[in-house]
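K.L.:
Here's my sequence, what's the structure:
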Amino acid sequence: MKTDNAHWRSFDRQHIWRPYAPLPGNADAWLVRHAEGVELTLDDGRALIDGMASWWSVIHGYNHPRLNQAISDQLEAFAHVMFGGLTHQPAIQLAQRLIDIAPAPLDRVFFADSGSVAVEVAMKMAIQHHAALGQPEKQRFLTVRRGYHGDTCGAMSVCDPENGMHRLFHKALPQQFFAPAPALGASDDDADIAAFADLLERHHRQIAAVIIEPIVQGAGGMRIYRPAYLSAVADLCQTHNVLLIADEIATGFGRTGALFACEHASVTPDILCLGKALTGGYLSLAAVLTHREIAETVSASEAGALMHGPTFMANPLACAVANASIDLLLAQDWREKVGNIEKQLIAELEPCRQLPTVRDVRCKGAIGVVEMKSPKDIEGLQPRFVELGVWIRPFSNLVYIMPPYIIETEQITRLTSAIHQVLSEKA
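P.N.:
Sure thing, here's the model as predicted:
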């Protein structure tokens, strides 16, 4: 069996592209044999505590019996039907659940394939909305630097063009407006919002919407900023007839300590993008929520419809497990769980700040980040974390964790201790 597994790992390395990686790969990927709770079991029997929740999504842990049952029950009925002209109960129920928990008045739902596609849909929705109102010149978007919104072309155009992952494609993409990144932490310096306001004032006639990750910027730098900045952005959008798109694909469903990160600033966006944890990490699904005015305006446009229609839109298996995941989340005291994770991460990651290679330590909800002064070799750090029995995937100069909400205190300590130990060794 071990020989077979070695063969498949070698085949994987030679023939299958990994995320943001060369081909052939620089190293074999670790082969997972089983996943349960917060542990990944490798083919050699080693168990790793997962600090990544499979990139934000597995909030209830792996192999959860209620989520498994939801998919099994739906599979016995049917796995998929086209959503054009047909509907099904899982999609209807999921739309109702999302409307119930989203900030009012968001009550119109478009189901998409993934987070990146949700961003594409939101951008198209904003452009169509303004075109229907006789403002076809409003075709561009304003965002902030250090943001990340996905890897498809429209989404890439609103990712940071210099410090992000998509510099190679910058000239091929629509050219958007970029304000300075919001200041980290609780800064009372308003220079960042002043620069944002200036850009919006000068270009609002061309801008269909502002798109922003509320409170926590994800893959663009794992940056946490003050709610007052988001409040000011929302006010400026209203003043200048510009829609506000909140990209909560990473932050939605409790990750920051609020059900949606917008709640930290008491802001309701015009368009809300959700994904990742929507299905508890089981299947790819995203949702775009908006309110009646935008939906009716788009529907009354020259096109007569929102011009988007994924083949696997509202897949019944994905909708069924999303319903079960939301029910599971709301049935427990998730706020207390996430709050306790935050307290422990703050206390146990703070000693990393004293290491000579560390620039900053920051935490929000079930997110812990150690920022290094310079990028580190992932291929060098990753095996050491595995040796210590944890799964942590560093990126550039960031070592970060966002564990499943069901994680136990001693398991968090295993993660934070491993981070301090490995970074101490690399100091």
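K.L.:
and V399, what are its phi and psi?
P.N.:
The phi/psi pair for V399 (degrees, to the nearest 10) reads phi -110, psi 110.
K.L.:
That one contacts Q421, doesn't it?
P.N.:
No. Taking contacts as Cβ atoms under 8 Å, V399 lies outside contact range of Q421: 11.6 Å. Where you see a C-beta, it was placed from the backbone N, CA and C, and this is true even at glycine.
K.L.:
With neighbour numbers in mind, choose between these two.
P.N.:
Between V399 and Q421, V399 has the larger neighbour count (other Cβ atoms under 10 Å), namely 30 against 13.
K.L.:
low-scoring pLDDT stretches of the chain, where are they?
P.N.:
Counting by pLDDT under 70, the chain shows low-confidence ranges at 1-3, 164, 376, 378-379, 427.
K.L.:
May I see the domains of it written out as residue ranges?
P.N.:
Domain segmentation of the chain under automatic domain parsing yields 31-63+333-425, 68-330.
K.L.:
Would you tell me which of those gets closest to A21?
P.N.:
Closest of the domains of the chain to A21 is domain 31-63+333-425, at 9.4 Å (criterion: Cβ to Cβ).
K.L.:
From the chain's centroid, how far away is that closest one?
P.N.:
A distance of 17 Å separates the centroid of the chain from that of domain 31-63+333-425, by Cα atoms, centre = their mean, to the nearest Å.
K.L.:
And that domain, end to end?
P.N.:
By Cα to Cα, to the nearest Å, the extent of domain 31-63+333-425 from end to end equals 26 Å.
K.L.:
SS state for the residue lying closest to E425 once chain neighbours are set aside?
P.N.:
The shortest distance from E425 to any non-neighbouring residue, by Cβ to Cβ, 6 or more residues apart in numbering, is to R384 (7.2 Å). Under DSSP: H, G, I helix; E, B strand; the rest coil, R384 falls in the helix class.
K.L.:
what about R384, how many neighbours?
P.N.:
For R384, the neighbour count with other Cβ under 10 Å is 15.
K.L.:
residue nearest the centroid of the protein?
P.N.:
What sits nearest the mean C-alpha location of the chain, by Cα atoms, centre = their mean, is A250, with 2.1 Å.
K.L.:
Near the closest residue in space to it that isn't next to it in sequence, how many other residues are there?
P.N.:
Closest residue to A250 apart from its sequence neighbours, by Cβ to Cβ, 6+ apart: G218 at 4.3 Å. By other Cβ under 10 Å, 24 other residues sit near G218.
K.L.:
show me the contacts for G218.
P.N.:
Taking Cβ atoms under 8 Å, 6 or more residues apart in numbering, we find G218 in contact with 56, 148, 250-251.
K.L.:
which neighbours do V399 and Q421 share?
P.N.:
Listed contacts common to V399 and Q421 are nil; contacts here mean Cβ under 8 Å, 6+ apart.
K.L.:
coming back round to it: you'd agree the residue nearest to the centre of the chain is up against Q217?
P.N.:
No. Counting by Cβ under 8 Å, A250 does not reach Q217; the two are 9.1 Å apart.
K.L.:
All the strands of the stretch 201-350 of the chain, residue numbers only.
P.N.:
207-212, 216-217, 223-224, 243-247, 271-274, 286-290 (DSSP state E, counting those that start in this stretch).
K.L.:
name the element L142 belongs to?
P.N.:
Element membership for L142, per DSSP states H and E: strand 140-144.
K.L.:
Same question for D198.
P.N.:
helix 191-203.
K.L.:
which of the residues in that helix are buried?
P.N.:
Residues of helix 191-203 classed as buried by neighbour count (16 or more other Cβ atoms under 10 Å): 192-193, 196-197, 199-200.
K.L.:
swap in stretch 87-98?
P.N.:
Buried positions in stretch 87-98, judged by neighbour count with 16+ other Cβ under 10 Å: 88, 90-91, 93-95, 97-98.
K.L.:
re earlier: other SSEs contacting the strand holding L142?
P.N.:
strand 177-179, helix 191-203, strand 207-212 (3 or more Cβ pairs under 8 Å, 6 or more residues apart in numbering; DSSP states H and E).
K.L.:
can I get those in TSV with distance to E39?
P.N.:
Listed next are the helices and strands packed on strand 140-144 as TSV, based on distance: least, Cβ to Cβ, whole Å:
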stretch	distance to E39
strand 177-179	41
helix 191-203	41
strand 207-212	35
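K.L.:
quick one: the helices in this protein?
P.N.:
2-15, 53-56, 65-77, 89-101, 115-132, 153-157, 191-203, 227-239, 292-299, 316-330, 334-349, 378-387, 409-425 (DSSP state H).
K.L.:
So for I367, which of the ones you listed sits nearest?
P.N.:
Per Cβ to Cβ, nearest to I367 of these: helix 334-349, 7.7 Å.
K.L.:
T251 against M222, yeah?
P.N.:
No. Look at T251 against M222 with Cβ under 8 Å: they stay out of range, at 11.6 Å.
K.L.:
Settle it for me: which of the two has more neighbours?
P.N.:
For T251 and M222, the more surrounded residue by other Cβ under 10 Å is T251, and the numbers stand at 30 against 25.
K.L.:
tell me the phi and psi of that one?
P.N.:
According to degrees, to the nearest 10, T251 has phi -90, psi -10.
K.L.:
Might you report the residue contacts of it?
P.N.:
Listed by Cβ under 8 Å, 6+ apart, the contact set of T251 reads 213-216, 218, 260-261.
K.L.:
Tell me how far V158 lies from L289.
P.N.:
Distance of V158 to L289, computed by Cβ to Cβ, to the nearest Å: 19 Å.
K.L.:
Tell me which of those two has more neighbours.
P.N.:
Per other Cβ under 10 Å, whichever of V158 and L289 has more neighbours is V158, with 30 against 24.
K.L.:
looking at it, the more buried one is touching V144, isn't it?
P.N.:
No. Look at V158 against V144 with Cβ under 8 Å: they stay out of range, at 9.5 Å.
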